[in-house]
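S.K.: here are the coordinates; sequence isn't available:
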């Protein structure tokens, strides 16, 4: 069982994140799903198919770390396992955000199969936790989209174990996954990624 | 005769839709028209030429399914028949939205005569009612713009009967028509279409 | 002398227009100037150099139709004569708006010297007063920018007399002038122009 | 020691600037830093790493003109010396804003090493203090990004002394520095620069 006050706090952080992310246009048309850790065994996560700009805490449910509903008749997102695998692998992760912006969608389709998105020389790379300089390079993988979520979850697990310092990944034609110790860290990561995606696309427009 | 409470509910849903759609820039300069079904014989629809971000229920009137005003001295949109044909063909349709975004306008002019807009491999296709996977393709026809609305209404009727599962169509240089069981469904369709139009244009910019 | 209530009404319409136009990003960095007719001899106009999103009626002054201040120590815009020539030529004009958007600026610089901006086949052309169909073409002249405003005012006068049905013009690298019977008409014209400018630029990006 | 009321006024101007600049998307993901002069020896400046859209006066600290904290345990931005060198060189400067927009970032990376951003023929150049006509040219240097801030501060000092009339500079992949007599002047300069950056990028998209 989970502590109800911790659930309420996690759920409210998800509601607030939805207001922000929908307002920016990064979670349109009931897309996206968000989660926040309650404790070592439980995660608060959005119920499937809800309008992300109009969330209330009644649109947030609890799952265990295998993605099974806890004390709930609701259905969580089909992509719940992409969240729970992160909480399994990284004990320090407190929040996971999956967003669907135009920029992430377009960029992920423009990158050739098997290639990663390479980000280098941007001051804003320092917005990612643990990055202290603009001089390094960030390599953001692009996984192919699929309806087989358990298989994709295992693919991401293998990648996390190989690259524990990386802040996020893309799914082709679909969107961004990023995570952080707190919801504030995680929202900062979304903002930084969206900034960098827009920079890359703006540059490609001028120099295709 | 129609039930007044059902009219008031339909009219309010149109007012609220206008606030949202104008705010997004998808109904500028008194363009666009919106409707919601009252019953099997009556539809609430915007009066011609009103500012869509400043609608009140006094800017909404009633027409029958042949587009004739009911209990009203007002003039409905010149395109009223493009709405009523949808309510005639699809008994389950509860709302129709016609919007005029920059993206829809530009994209509809870039597509060659006789070609459709082909959308494929986007996760957001699942935002359309009845679509369960990103793997299928959506084909959105582009009708030529015309001042002969009765003829265009009959062209769309033939297309609906042939393609009852399709969620919308474009008119060249003019805008989008989409529909749904409820106004919420219909607004989700507009958001999804606008997202996909922007994705297509962003991609064309980089890969003309 | 002018009626003070008519001045107050005109000034408030200018304040409200500024809130809208600055909010859209079409009057940045204290650029732009707006006016509204008080009577056949007087015009309310913005004082030079004020922040257009923070106007109060104290930022609006009165000039006569030759652009001279009336009952005021304030300095009106250096471009006052571009407003007053419109009120002189067209007795039915009630408002003039001059805006500085990115789109108008860029487009006006991309059009070759001596060429006009040709707009054709857009449904939104019907937003201009007196236009009943999308089938005609609109030709928007681009005047070269200059510090010699009296000379430019006379150039525009000659053009108005030759083309009384046209809804606006551009100044290269500078912005848009448009007008209307009422401030609401004039704001609708700005919205329609900005929509069409954006459509033209979006198209040029894909098909340079 | 500094006057506390002058500090409070300077700190509030920084909080208000953050609301505006974050709202425009020019200070995402805790990037950017802002300062305002208190007196000839003291400057109010943002504490390192704070969310610029959620600043309170508790997120503003005091430094001397060598960038050392005064009556504070907080850490100011790593780039504090880029602010203080401006207050040292220009006694009339009252505010300095450093922002991180997508446009400034992309444009600064597109300009070849050793080249400046040349702005010419834009009416909006008149938004910069002391510029009376659109006919002159503005040359905005682009410094290479570096983690050696003291060295960069000295490079900018040499440039200020050689070009005292210039309103700002760029750091490659990083952002804009601009300044003014008052915070209002400085915000007008940011707006004008962002407008001009967007114009330049829009033009490059059409004419690469």
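M.R.: Received the coordinates, thanks. Please read these numbers as outputs of a predicted model, since none were measured by experiment.

S.K.: ok, residue A:72 - contacts?
M.R.: By Cβ atoms under 8 Å, 6 or more residues apart in numbering or on different chains, the contact set of residue A:72 is A:61, A:62. (Glycine included, C-beta is placed from N, CA and C.)

S.K.: what of residue A:108?
M.R.: Counting by Cβ under 8 Å, 6+ apart, residue A:108 makes contact with A:117, A:142, A:170, A:171, A:172, A:173, A:174, A:175.

S.K.: the third one pairs with what?
M.R.: When you say that, I think you mean residue A:170. residue A:142, residue A:176 (DSSP bridges).

S.K.: and it, what is it in contact with?
M.R.: For residue A:170, the contacting residues are A:104, A:107, A:108, A:111, A:117, A:140, A:141, A:142, A:143, A:176, A:177, by Cβ under 8 Å, 6+ apart.

S.K.: show me what contacts residue A:116?
M.R.: Contact analysis of residue A:116 by Cβ under 8 Å, 6+ apart lists A:139, A:140, A:141, A:142.

S.K.: ok, 6 Å please
M.R.: Residues counted as contacts of residue A:116 (Cβ atoms under 6 Å, 6 or more residues apart in numbering or on different chains) are A:139, A:140, A:141.

S.K.: ditto for residue A:48
M.R.: A:75, A:77.

S.K.: so how far is chain D from it?
M.R.: To chain D, residue A:48 is 29 Å away according to Cβ to the nearest Cβ, to the nearest Å.

S.K.: now do that residue against chain C, distance only.
M.R.: To chain C, residue A:48 is 35 Å away according to Cβ to the nearest Cβ.

S.K.: starting at the chain centroid, how far to the helix-or-strand element of chain A with minimal mean pLDDT?
M.R.: The helix or strand of chain A with the lowest confidence, counting by mean pLDDT, DSSP states H and E, is strand A:137-140 at a mean of 91. Centre-to-centre, strand A:137-140 and its host chain are 16 Å apart (Cα atoms, centre = their mean, to the nearest Å).

S.K.: what's in contact with it?
M.R.: Defining contact as Cβ under 6 Å, 6+ apart, one finds that strand A:137-140 is touched by A:116, A:117, A:118, A:119, A:120, A:125.

S.K.: mind running it again at 8 Å?
M.R.: Strand A:137-140 is contacted from outside by A:116-120, A:125, A:128, A:131, A:166-170, A:193, using Cβ under 8 Å, 6+ apart.

S.K.: tell me the strands beside it, with direction?
M.R.: With DSSP bridges as the test, strand A:137-140 pairs up with strand A:117-120 (antiparallel).

S.K.: tell me the buried residues in the partner strand?
M.R.: A:117, A:119 (16 or more other Cβ atoms under 10 Å in any protein chain shown).

S.K.: and it, what's its mean pLDDT?
M.R.: Average pLDDT, strand A:117-120: 94.

S.K.: for chain A, which residue gets nearest to chain C?
M.R.: residue A:205 (7.1 Å; Cβ to the nearest Cβ).

S.K.: ok but that residue is inside a strand, no?
M.R.: No: under DSSP: H, G, I helix; E, B strand; the rest coil, residue A:205 sits outside any strand and is assigned helix.

S.K.: list the contacts of it.
M.R.: B:205, B:206, C:205, D:205 are the contacts of residue A:205 under Cβ under 8 Å, 6+ apart.

S.K.: state the pLDDT value of it.
M.R.: 89.

S.K.: my guess is residue A:52 contacts residue A:46. True?
M.R.: Yes: counting by Cβ atoms under 8 Å, residue A:52 does reach residue A:46; the two are 7.5 Å apart.

S.K.: what's the overlap in contacts for those two?
M.R.: A:18, A:32, A:34.

S.K.: quick one, strands of chain A?
M.R.: A:33-39, A:42-46, A:60-64, A:95-99, A:117-120, A:137-140, A:142-143, A:168-171, A:175-180 (DSSP state E).

S.K.: of all those, which lies closest to residue A:159?
M.R.: Evaluated over the strands of chain A, closeness to residue A:159 peaks at strand A:168-171, with 7.0 Å, by Cβ to Cβ.

S.K.: any idea how far residue A:103 is from residue A:200?
M.R.: Separation of residue A:103 from residue A:200 (Cβ to Cβ, to the nearest Å) stands at 8 Å.

S.K.: typed the wrong thing, it's residue A:125
M.R.: Per Cβ to Cβ, residue A:125 is found 12 Å from residue A:200.

S.K.: so what pLDDT did residue A:134 get?
M.R.: Predicted confidence (pLDDT) for residue A:134: 68.

S.K.: ditto for residue A:1
M.R.: With respect to pLDDT, residue A:1 scores 87.

S.K.: circling back to that earlier point, okay, and the common contacts of residue A:125 and residue A:200?
M.R.: With Cβ under 8 Å, 6+ apart, residue A:125 and residue A:200 have common neighbours residue A:119.

S.K.: ok, which stretches of chain A are helices?
M.R.: Listed in chain order, the helices of chain A (DSSP state H) span A:4-23, A:80-89, A:102-110, A:149-162, A:183-206.

S.K.: distance to residue B:62 for those - can I get that in CSV?
M.R.: Below are the helices of chain A laid out as CSV (distance: least, Cβ to Cβ, whole Å):
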stretch, distance to residue B:62
helix A:4-23, 33
helix A:80-89, 45
helix A:102-110, 38
helix A:149-162, 47
helix A:183-206, 44
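
S.K.: what's the closest of those to residue A:96?
M.R.: Going by Cβ to Cβ, the one of the helices of chain A nearest residue A:96 is helix A:80-89, 4.7 Å.

S.K.: quick one: that closest one near chain B?
M.R.: No: taking Cβ under 8 Å from any Cβ of the partner chain as the criterion, helix A:80-89 and chain B are apart, separated by no less than 12.5 Å.

S.K.: and that helix, average pLDDT?
M.R.: Rounded mean pLDDT across helix A:80-89 is 97.

S.K.: and that helix, what's buried?
M.R.: For helix A:80-89, by 16+ other Cβ under 10 Å, it's A:80, A:81, A:82, A:83, A:84, A:85, A:86, A:87, A:89.

S.K.: got the residues of chain A near chain B?
M.R.: Near chain B, when you scan chain A using Cβ under 8 Å from any Cβ, you find A:28-31, A:51, A:100, A:102-103, A:105-106, A:109-110, A:145, A:147, A:171-175, A:201, A:204-205, A:208.

S.K.: swap the cut-off to 6 Å and go again
M.R.: Counting by Cβ under 6 Å from any Cβ of the partner chain, chain A comes close to chain B at A:28-29, A:31, A:102, A:105-106, A:145, A:147, A:173-174, A:204-205, A:208.
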